[in-house]
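Enquirer: with the sequence up front, the predicted model follows.
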Amino acid sequence: MRNYRMLDSAQTDFDAVCRQFEWNIPTQFNIAHAVCDKHIDRSDQVALFYENEQGQTSQFSFGQLTTLSNQFANALAAKGVGRGDRVAIILPQRPETAIAHLAAYKLGAIALPLSVLFGPDALRYRLQDSCSKVVIADAARQEVLQDLRNELPELETIINCDATDKPGFWDLIENANDEFSVVETNADDAALLIYTSGTTGPPKGAVVSHRCLLGNLPGFELSHNFFPHKDDLFWTPADWAWTGGLIDALLPSWYYGVPVLGYEGGKFNPEKACQLMEKYKVRNAFIPPTALKMIRQVGDIRGKYDVNMRSIMSAGEMVGAELYEWGKQALGVEINEMWAQTEFNYIVGNCAAIMPVKPGSMGKTYAGHRVAPVDDEGNEMPVGEAGELAAHRDDPVMFLGYWNREQATKDKFIGEWWGTGDVGYRDEDGYLWFVGRKDDVISSAGYRIGPGEIEDCLLKHPAVAQAAVIGKPDELRGEAIKAFIVLAQGFVAKDILEDEIRSSVKNRLAAYEYPREIEFITELPLTTTGKVRRLELRQREQQNTKN
């Protein structure tokens, strides 16, 4: 049986790799065994390097993680946690986070990762909706969890990872047996419950199966130029509470026995990011575009730091030509843009090692997947014509459905296709191009305009650090383009600067694509996954119009 490695990295033709790839998904599969316990032949190898904001460091081998997760699985079992129970984990990138995940998978339970950025209302909704039985959190979350407890009748246990008295996380481990037989789980059994950060409506819990990790692997390997190589070491600033940090970084790296750096440092700091990459000799990273734009402000990175990256994958927002070219010059790496969603992950992207990158494109469909722009009836669109980007439902990476929302799951299907809500088109070479979200596409004077291209163009101006574009209601054009801009350090908002930026877009793109209005702001509204909340910007404009 194949171990889900891609074809020989000597292969130099992307399309040939995809044509020859075949899935081989076993009936039984458990994430914890696949990413940790199976590495018995390298039990002494470091799996996790950890550092916190105070500079404290530690490291854990695969053998240590196997033992610790066995102990914590026994501790949870003693508290009545079993197959199918939801175990909420509200922790940043730290060892306890990884141990808790492994223990939950070993039990056949469902891990519910939650961001430490969530406030009381966000936690209440997710814990109530999921009927979580156990919550594992740090000291900072204890008070809010105790305040919410009366509203969470299913919640039986709150475990404090920082407790110095009993029974805290480490006390439970210390007193538990270190032998544990991993529950036999089917590949189709639920492993994770991840709430989507949708721009409209309440969040929905996406139920992710154990097999979804295997479905991620072809894209993961290709986006990191045939991962793994000797001396690879992975890091991402993305929170392990989200698909990007957990399933696109931590777990697939461990599947191949590659060490991961975990940093618990609060708000993203580009200088610190460079220091970490130098100190730990990071070779591979998933860095979202927003973080890359902040790193760009550091200046001469390789002149200041000994950074030697082998691969960078970026996703969550459009990378664009400007950021791609910067990556080549500043980091010596062709950034492999990737496109995915929590429900249907790691399905489209680039592999600079074996395919020419078209800057601004999302890339091509990765091996083992089917993706196409389709119309409202599920018919594939001709080359060059935009439609809703959709993924075929017969795919091991596809999620199991929305938690307790069968109709919401059914509503997302267009025949045999899963509708992503993203709009794009395929060019004559098979590359997919993102136009925008269905609700982000701007309709102005008869033109359908995607914000991504304009935002990428805005970044070409030296005064622009970050930018977001929306359509603003306009009596003449239907919608007029408005840009929200965060200025780079050293620049001051002035009318003459507005004119310069506006002209740069008009000259680089088209007359109908330049922002007729520009507003300088100190920061963009972001979701907890780092995506720009254009909906919030549109709502802000509507409120201003009423006033």
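Expert: Perfect, I can see it now. On a predicted model such as this, the values are computed, not experimentally measured, just so you know.
Enquirer: need the phi and psi values for the residue nearest to the spatial centre of the chain.
Expert: Central residue of the chain (Cα atoms, centre = their mean): Gly244, 2.2 Å from the mean position. Per-residue torsions, Gly244: phi -60, psi -40 (degrees, to the nearest 10).
Enquirer: next up, the contacts around it.
Expert: For Gly244, the contact set (Cβ atoms under 8 Å, 6 or more residues apart in numbering) comprises 236, 238, 286, 288, 315-316, 529. Glycine gets a C-beta too; all of them are placed from N, C-alpha and C.
Enquirer: low-confidence stretches in the protein?
Expert: Applying pLDDT under 70 to the chain flags the ranges 1-11, 197-201, 445-446, 448, 476, 547.
Enquirer: list the buried residues for the top helix by length along it?
Expert: The helix that spans the most residues within the chain, counting by DSSP state H, is helix 62-78. By neighbour count with 16 or more other Cβ atoms under 10 Å, helix 62-78 contains the buried residues 62-77.
Enquirer: then stretch 507-518?
Expert: 508-509, 513-515, 518.
Enquirer: can you pull out the strands in the stretch 301-450 of the chain?
Expert: 311-314, 336-341, 344-349, 364-365, 371-374, 387-392, 401-402, 413-414, 417-426, 432-437, 442-444, 447-449 (DSSP state E, counting those that start in this stretch).
Enquirer: kindly export the third one (C-alpha atoms) in PDB.
Expert: Taking only C-alpha atoms (Å, rounded to 0.1, in the frame of the first residue of the first chain), the coordinates of strand 344-349 have been written out as PDB:
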ATOM      1  CA  PHE A 344     -12.600  21.600   0.900                       C
ATOM      2  CA  ASN A 345      -9.000  22.200   1.700                       C
ATOM      3  CA  TYR A 346      -5.700  22.400  -0.300                       C
ATOM      4  CA  ILE A 347      -7.200  21.800  -3.800                       C
ATOM      5  CA  VAL A 348      -5.600  24.500  -6.000                       C
ATOM      6  CA  GLY A 349      -2.200  26.100  -6.100                       C
END
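Enquirer: that strand - contacts with which helices or strands?
Expert: Counting contacts by 3 or more Cβ pairs under 8 Å, 6 or more residues apart in numbering; DSSP states H and E, strand 344-349 is packed against helix 211-223, strand 336-341, strand 364-365.
Enquirer: redo the ones you listed as CSV? Include mean neighbour count and distance to Val397.
Expert: Shown next, in CSV, are the helices and strands packed on strand 344-349 (neighbours: other Cβ atoms under 10 Å; distance: least, Cβ to Cβ, whole Å):
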stretch, mean neighbour count, distance to Val397
helix 211-223, 27, 3
strand 336-341, 26, 9
strand 364-365, 22, 12
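Enquirer: would you reformat the ones you listed as TSV and include distance to Ser130?
Expert: As requested, these are exported to TSV (distance: least, Cβ to Cβ, whole Å):
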stretch	distance to Ser130
helix 211-223	18
strand 336-341	20
strand 364-365	32
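Enquirer: isn't Ala206 up against Thr342?
Expert: Yes. With contact defined as Cβ atoms under 8 Å, Ala206 and Thr342 form a contacting pair (4.8 Å).
Enquirer: which residues are in contact with both of these two?
Expert: With Cβ under 8 Å, 6+ apart as the test, Ala206 and Thr342 both reach 194, 196, 399.
Enquirer: I'd say the second one and Phe399 touch.
Expert: Okay, so that is Thr196. No. Look at Thr196 against Phe399 with Cβ under 8 Å: they stay out of range, at 10.0 Å.
Enquirer: higher neighbour count, those two?
Expert: Set Thr196 next to Phe399 and count neighbours by other Cβ atoms under 10 Å: Phe399 wins out with 23 against 19.
Enquirer: and the nearest residue to Tyr324 once chain neighbours are set aside, how far from His39?
Expert: Of all residues not flanking Tyr324 in the chain, Pro359 sits nearest, at 4.3 Å (Cβ to Cβ, 6 or more residues apart in numbering). According to Cβ to Cβ, to the nearest Å, Pro359 stands 38 Å off from His39.
Enquirer: cool, Val208 as well?
Expert: 22 Å.
Enquirer: which one of these two is surrounded by more residues?
Expert: Neighbour comparison, Val208 and His39: the larger count goes to Val208, with 27 against 21 (by other Cβ under 10 Å).
Enquirer: ok, that one touching Asp189?
Expert: No. Assessed by Cβ under 8 Å, Val208 is found out of contact with Asp189, at 10.6 Å.
Enquirer: returning to what we had before: just give me the closest of the buried residues of helix 62-78 to Ile496.
Expert: Leu65 (57.4 Å; Cβ to Cβ).
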